[in-house]
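Participant: give me coordinates for this.
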Amino acid sequence: MKAMHTATGETDELLSAELAVEQSRAELNRSLRRVSQSGERLLNHVRAELKPGFVVAAVAVGAVAVTGTVIALARRSRRKSHWFAPQQPSTLGVAAKTVGLWALRLAARNVASAVVARLEQPEPHAPAAPAASAAQ
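Facilitator: Next up, the predicted model:
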């Protein structure tokens, strides 16, 4: 009889240990879900903070490119109609071209990173796996 009482005690201990493991697993899942949501909120906040900066940078780069183009066109229009020997490129023209190419590279890099970020985002219509398993 004493052997049966000991076996029942061991069974109770096993059941309580299994229950503790299940509770720990559930708490870990909740904790991981909270961390994931917190990371997503932080990412969205950083994006919202940086987006106006990117817009201002794009406007500034566009203004510089337009200014360089206008200066180059103005210099060409001032030339006389008769033929002159080719001249060395002006420092201002070289600087405008350099700034324009730099702005073009920056814009291309920003567009490429935006496309990559958009492609890495999961589709919003995809069902969330943890929410489906938590509902059961």
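
Participant: what about residue 68, neighbour count?
Facilitator: Burial of residue 68 is recorded as 19 neighbouring residues (other CB atoms under 10 Å). To be clear about C-beta, it is placed using only N, CA and C from the backbone, and glycine gets the same treatment.

Participant: tell me the pLDDT of residue 22.
Facilitator: For residue 22, the pLDDT comes out at 93.

Participant: from here on, call the first residue 539.
Facilitator: New numbering, starting at 539: the last item is residue 560.

Participant: distance from the chain centre to the host helix or strand of it, please.
Facilitator: Following DSSP states H and E, one finds residue 560 within helix 540-616. Counting by CA atoms, centre = their mean, to the nearest Å, helix 540-616 is centred 10 Å from the centre of its parent chain.

Participant: beyond that helix, next helix or strand please.
Facilitator: Following helix 540-616 in sequence, per DSSP H and E, is helix 629-658.

Participant: on contacts alone, who are the packing partners of that following helix?
Facilitator: helix 540-616 (3 or more CB pairs under 8 Å, 6 or more residues apart in numbering; DSSP states H and E).

Participant: the helix it packs on to helix 629-658, inter-axis angle?
Facilitator: 150 degrees (axes from the mean of the first three to the mean of the last three CA atoms, to 10 degrees).

Participant: return the helix or strand in this protein with minimum mean pLDDT.
Facilitator: helix 667-673 (a mean of 50; mean pLDDT, DSSP states H and E).

Participant: any stretches of the protein with poor pLDDT?
Facilitator: 539-545, 616-623, 662-674 (pLDDT under 70).

Participant: same thing but 90
Facilitator: Counting by pLDDT under 90, the chain contains low-confidence residues at 539-552, 570, 573-635, 638, 651-674.

Participant: most centrally placed residue in it?
Facilitator: residue 655 (5.0 Å; CA atoms, centre = their mean).

Participant: and it, how far is that from residue 649?
Facilitator: 11 Å (CB to CB, to the nearest Å).

Participant: and what of residue 589?
Facilitator: Residue 589 is 14 Å from residue 649, by CB to CB.

Participant: cool, residue 592 as well?
Facilitator: For residue 592, the distance to residue 649 - CB to CB - is 11 Å.

Participant: before I go, just wanted to say thanks for your time.
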